[in-house]
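Undergrad: this is the structure alone, sequence omitted:
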DNA sequence: ATCTGTCTACCTTCTAGTAGGCAGATCGTC
DNA sequence: GACGATCTGCCTACTAGAAGGTAGACAGAT
């Protein structure tokens, strides 16, 4: 009973890893079949088409993200700390090479050539992250835990761009530490000046 | 005589557009042949393999960039202005949809699955942009035309990440204006405070 | 008796790449 | 200037393999 749905999770997990490295057109059902140890045709049983597979993958990716955000906000009261935890999550993923890139970042860059159903889900992911970061910025501004120099939604977009840009640079140079090098000053700038 | 080498330029141009929208695995010789109006086999005459084609494309992309940088520095003395022109170049490209994404940004995100010869050229491109921006930051710091809060090379990486992150966001949301929204505060932060 | 997950075997279309031919431009030599 | 040889760019025709996907059989669980 527990093993039954596990195969489809394994398929999704291996698809995620493959997309993470080469994007939508960078993997095939044959690739997944090798990793999971199942025949191509059996993958079609779980996900009739490639579009179904990736649509579901991105949908779950967003849902998992939403769940993580809920736990994060429950456990970390300070808004600056929330941003630090978020940045640190990516710093670790990149440095231990476990998930060195965001699936949705890769898909977003391929957006114009993506099947529309997938493209929609990818856009939804970015809207989710963006609106979450905006609420964090707004709360931090009101409570004084964040030092903003622009409107909250602008700061949110700028922070998101910095994170994803840093992710790209780390990959482009093949130097994981570049991520933290870029994020540190960005977080410093958001840190309230203690006294004067 | 002049038409002879033109075909290979057309091939490169259409490949650039195709990569810009879907990456390395997102286009085929058949796609190019439709755009250029030439048969698949004829493309192989100009570029024996896909790797040859994309390697040359990225190499020229970098060389063109290097040439543009030279002219830019000759014509614009102020370092802040240089950064503004650079940012504005991308803002225009994105907004008029002429070149709404950087070829090398797309290839860099696919880096792990790219043929090594192409990957090397992509890394070279990023090293070029990064070291150029570092020299701009250094000069601006010394001459007082830029207001730096970190070391020049860190500011350079941060700026580059902001530009490429903003490019991604603009594409992800399908809203070109997001690019300028993100870049404006980044450029403001680099602007020296006039007096006090 | 049906449902679930897997299999083998197959199909069609697309992929990068090759072989070889052909027309026209260019070139060296007489 | 004429003549053949080579070079250039393109063509048709083809290949082997990979792509996504289908049909249908089978074993085991419900």
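TA: Great, that's in hand. What you are looking at is a predicted structure, and each value in this text was computed from that prediction instead of being measured.
Undergrad: so who does residue A:26 touch?
TA: Shown in contact with residue A:26 (CB atoms under 8 Å, 6 or more residues apart in numbering or on different chains): A:18-19, B:23-25, B:110, B:113. In this view, the C-beta of every residue, glycine as well, is placed from N, C-alpha and C.
Undergrad: out of those, who's nearest residue A:93?
TA: residue A:19 (14.8 Å; CB to CB).
Undergrad: restricted to helices, list the contacts of residue A:26.
TA: If you go by DSSP state H, these have A:18-19 in helices.
Undergrad: can I get the contacts of residue A:26 in JSON lines including pLDDT, distance to residue B:72 and neighbour count?
TA: Output for the contacts of residue A:26, formatted as JSON lines (pLDDT from 0 to 100; distance: CB to CB, whole Å; neighbours: other CB atoms under 10 Å in any protein chain shown):
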{"residue": "A:18", "pLDDT": "98", "distance to residue B:72": "40", "neighbour count": "19"}
{"residue": "A:19", "pLDDT": "98", "distance to residue B:72": "37", "neighbour count": "25"}
{"residue": "B:23", "pLDDT": "98", "distance to residue B:72": "28", "neighbour count": "25"}
{"residue": "B:24", "pLDDT": "98", "distance to residue B:72": "29", "neighbour count": "24"}
{"residue": "B:25", "pLDDT": "98", "distance to residue B:72": "33", "neighbour count": "20"}
{"residue": "B:110", "pLDDT": "98", "distance to residue B:72": "29", "neighbour count": "26"}
{"residue": "B:113", "pLDDT": "97", "distance to residue B:72": "33", "neighbour count": "19"}
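Undergrad: show me the contacts of residue A:26 that map onto strands.
TA: Within the contacts of residue A:26, no residue falls in strands by DSSP state E.
Undergrad: what about DNA strand D: which of the contacts of residue A:26 touch it?
TA: Restricting the contacts of residue A:26 to those within reach of DNA strand D (CB under 7 Å from any atom of the strand) leaves nothing.
Undergrad: list the buried residues in stretch A:186-196.
TA: For stretch A:186-196, burial by neighbour count (16 or more other CB atoms under 10 Å in any protein chain shown) applies to A:186-187, A:189-190.
Undergrad: backbone dihedrals for the closest residue in space to residue A:147 that isn't next to it in sequence, both of them.
TA: Leaving aside its chain neighbours, residue A:147 sits nearest to residue A:192 (4.6 Å; criterion: CB to CB, 6 or more residues apart in numbering or on different chains). With angles defined as degrees, to the nearest 10, residue A:192 sits at phi -60, psi 140.
Undergrad: right, and residue A:192 touches residue A:143 too?
TA: No. Here residue A:192 lies out of contact with residue A:143, judged by CB atoms under 8 Å, at a distance of 10.0 Å.
Undergrad: nearest residue to residue A:46 other than its sequence neighbours?
TA: In space, and not counting its chain neighbours, residue A:46 is closest to residue A:8: 4.4 Å by CB to CB, 6+ apart.
Undergrad: next one: residue A:141
TA: Setting aside the residues directly before and after it, residue A:141 is nearest to residue A:148 in space (CB to CB, 6+ apart), at 5.0 Å.
Undergrad: which residues of chain A score low on pLDDT?
TA: Where chain A drops to pLDDT under 70, the residues are A:1-5, A:195-196.
Undergrad: how does it look with 50?
TA: For chain A, applying pLDDT under 50 flags the ranges A:1-4.
Undergrad: which residues of it lie near DNA strand C?
TA: Taking CB under 7 Å from any atom of the strand as the criterion, chain A approaches DNA strand C at residues A:4-5, A:7, A:37-42, A:45-46.
Undergrad: just the buried ones from the residues you listed?
TA: Counted by 16+ other CB under 10 Å, these give A:7, A:38, A:46 as buried.
Undergrad: which SS class is residue A:65?
TA: helix (DSSP: H, G, I helix; E, B strand; the rest coil).
Undergrad: whoops, residue A:146 was the one
TA: Classification of residue A:146 by three-state DSSP places it in coil.
Undergrad: list the contacts of it.
TA: By CB under 8 Å, 6+ apart, the contact list for residue A:146 reads A:79-80, A:83, A:136-137, A:140, A:155, A:190, A:192.
Undergrad: what does residue A:126 give?
TA: Neighbours of residue A:126 in contact, by CB under 8 Å, 6+ apart: A:104, A:108, B:169, B:172-173.
Undergrad: kindly report the same for residue A:106.
TA: By CB under 8 Å, 6+ apart, the contact set of residue A:106 is A:19-20, A:23, B:109-110.
Undergrad: circling back to that earlier point, going toward the C-terminus from the strand or helix carrying the residue nearest to residue A:46, what's the next helix or strand?
TA: Assigned by DSSP states H and E, residue A:8 belongs to helix A:6-22. Scanning forward in sequence from helix A:6-22 by DSSP H and E, the next helix or strand is helix A:29-36.
Undergrad: list the buried residues of that next one.
TA: A:29, A:31-33, A:36.
Undergrad: so is it next to chain B?
TA: No. Using CB under 8 Å from any CB of the partner chain, helix A:29-36 never reaches chain B; the gap is at least 10.4 Å.
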